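Colleague: How does the following fold in three dimensions:
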Amino acid sequence: ALRRMLYADSHTWLADNLLERGDRMSMAASLELRPPFLDHRVAELAFSLPSNVKVRGGTTKWVVKEVARQHLPADIVDRPKSGFKVPLDAWFRDGLRDMAYDLLTGPTSFVGKTFDRAAVRSLLDDHDSGDRNEQPRIWTLLSLEVWHQTLTW
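Modeller: Here you go, the predicted structure:
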């Protein structure tokens with residue numbers, strides 16, 4: 001099962017998402033990016049390894065971390081993963097705030113007509129006040145709104 005998941009990830013998510021994002025971000029900063037684990041010899045080796053050296057005791061990338069321990073301090077090897085997070089929660093309180101309100105609660109809003117407009121406004125207000133981070137719900141509703149607009153144009 002692990003082998004099939006990794007194969008699917010490497011042929012879909014990696015190529016269509018992670019590499020494309022990395023390429024765009026590095027180009028935006030005028031940097032040349034060369035992901036070392038994509039060397040075909042490294043990838044072939046990784047695919048040939050048994051699952052128990054890829055994941056062991058709930059630790060992913062086990063063999064990579066064991067090799068890294070020989071060269072890096074433990075606090076580097078064992079630190080939690082931190083991805084590139086788009087700060088939508090802050091953007092929905094600042095630069096995208098008015099757009100979110102207009103699209104989701106305006107008179108022609110599909111979301112505003114389909115759902116309880118007062119509840120949508122309350123969700124936006126709670127997020128805007130900083131009481132709660134409603135970014136995932138706001139993003140989902142905005143995606144629905146834009147999808148609907150695209151279908152009806």
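
Colleague: From K61, how far off is V67?
Modeller: Separation of V67 from K61 (C-beta to C-beta, to the nearest Å): 10 Å. Quick note: C-beta positions are derived from backbone N, CA and C, even for glycine.

Colleague: Low-confidence regions, this protein specifically.
Modeller: Applying pLDDT under 70 to the chain flags the ranges 84.

Colleague: Please compare V67 and K61 by neighbour count and tell me which comes out ahead.
Modeller: Under the neighbour definition other C-beta atoms under 10 Å, V67 and K61 were set side by side, and K61 has more, 17 against 12.

Colleague: Could you pull up phi and psi at the closest residue to T59 other than its chain neighbours?
Modeller: Nearest in space to T59, with sequence neighbours left out and distances taken as C-beta to C-beta, 6 or more residues apart in numbering, is K65 at 6.8 Å. Torsion angles at K65 (phi, psi; degrees, to the nearest 10) stand at phi -70, psi -40.

Colleague: quick one: K65 from P80, how far?
Modeller: 13 Å.

Colleague: Looking only at neighbour counts, state which of these two leads.
Modeller: Legend: neighbour count by other C-beta under 10 Å for K65 and P80, higher for K65 (15 against 4).

Colleague: pretty sure that one contacts A74?
Modeller: No - taking C-beta atoms under 8 Å as the definition, K65 is not a contact partner of A74, at 9.8 Å.

Colleague: Just the buried residues of the helix or strand encompassing S143, please?
Modeller: Element membership for S143, per DSSP states H and E: helix 135-152. Buried positions in helix 135-152, judged by neighbour count with 16 or more other C-beta atoms under 10 Å: Q135, I138, L141, L142, E145.

Colleague: Tabulate the CA atom coordinates of it in PDB.
Modeller: Taking C-alpha atoms only, helix 135-152 is exported to PDB below (Å, rounded to 0.1, in the frame of the first residue of the first chain):
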ATOM      1  CA  GLN A 135      -9.900  30.700   6.900                       C
ATOM      2  CA  PRO A 136     -10.600  27.100   5.700                       C
ATOM      3  CA  ARG A 137     -14.400  27.700   5.600                       C
ATOM      4  CA  ILE A 138     -14.000  31.100   3.900                       C
ATOM      5  CA  TRP A 139     -11.600  29.600   1.300                       C
ATOM      6  CA  THR A 140     -14.100  26.800   0.700                       C
ATOM      7  CA  LEU A 141     -17.000  29.200   0.300                       C
ATOM      8  CA  LEU A 142     -15.000  31.500  -2.000                       C
ATOM      9  CA  SER A 143     -14.000  28.500  -4.100                       C
ATOM     10  CA  LEU A 144     -17.700  27.500  -4.400                       C
ATOM     11  CA  GLU A 145     -18.700  31.100  -5.300                       C
ATOM     12  CA  VAL A 146     -16.000  31.500  -8.000                       C
ATOM     13  CA  TRP A 147     -16.800  28.000  -9.400                       C
ATOM     14  CA  HIS A 148     -20.400  28.900  -9.600                       C
ATOM     15  CA  GLN A 149     -19.600  32.200 -11.300                       C
ATOM     16  CA  THR A 150     -17.400  30.500 -13.800                       C
ATOM     17  CA  LEU A 151     -20.200  28.000 -14.700                       C
ATOM     18  CA  THR A 152     -22.800  30.800 -15.200                       C
END
